[in-house]
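Participant: Sequence first, then the predicted structure:
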Amino acid sequence: MRIPLEGLLVAGLLLALPGRARPTVAVVVGVLLGLLTIVKILDMVFFVALSRPFNPVIDRGYFRSAKGLLTDAIGRQQATVFLTVVTVVTVVHVAVLVCTPLAMLRLTRLVARHRHTSTRTVAAVGVAWIVFAAFGLRFVHSTPVAATSAAGVAVEHARQVRAGIEDRQAFVRPPPSTRSATPQAPTSGR
């Protein structure tokens, strides 16, 4: 069992916002949560395949060359089956990006309808989160109950994207021009 700090903060924000702003914030948070879910799934796949997390800047190229690589490695029929599975997974990713904001809108309406109970619940779970974080309580050996992992994943991937873009720009940028190594004859003032 984990209590995500990010979930508490979003619930508190939705309770504090005026009625008209709630749906907009819920959709934005839902899209971000959907993207984070997709990135975490890609991280798991890349850890299994390459023993490292997914890097959105560098790893995009792998998707383009996958069909040729698979066909050469396992044959045309198995590659077609695998790419069909990948297509289904892509459809699931799109569904995550659509359904997560819809779920956030539903949750927002529920929180607004039961504002008093929602406020008490968020406050009680927030106090529990603080206590669990202060004492480092863990129900499973390595997993803390008071979790901040979603923010950590988002921050780490943002750093990876930034570093990847900077690396790519440094690679594409032409080297500084070099001056001629031959000395110029001095000009006389006559």
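Facilitator: Great, that's in hand.

Participant: how about the helices in this structure?
Facilitator: 5-16, 21-50, 60-74, 76-113, 115-135, 149-172 (DSSP state H).

Participant: so which of these comes closest to S142?
Facilitator: Across the helices of the chain, S142 has its closest neighbour in helix 149-172 (11.8 Å, C-beta to C-beta). Where C-beta positions appear, they are placed from N, C-alpha and C, glycine not excepted.

Participant: contacts for the helix or strand of the chain with the lowest mean pLDDT?
Facilitator: Ranked by mean pLDDT, DSSP states H and E, the weakest helix or strand in the chain is helix 60-74, scoring a mean of 72. For helix 60-74, the external contacting residues (C-beta atoms under 8 Å, 6 or more residues apart in numbering) are Q78, A79, F82, L83, V86.

Participant: which ones are touching the residue positioned nearest the centre of the chain?
Facilitator: Nearest residue to the geometric centre of the chain (C-alpha atoms, centre = their mean): L36, 3.6 Å. When contacts are counted by C-beta under 8 Å, 6+ apart, L36 touches A150, V153, A154.

Participant: one more time with 10 Å, if that's ok
Facilitator: E6, V96, T100, A150, A151, V153, A154, H157 (C-beta atoms under 10 Å, 6 or more residues apart in numbering).

Participant: Now list the buried members of the residues you listed.
Facilitator: E6, V96, T100, A150, A154, H157 (16 or more other C-beta atoms under 10 Å).
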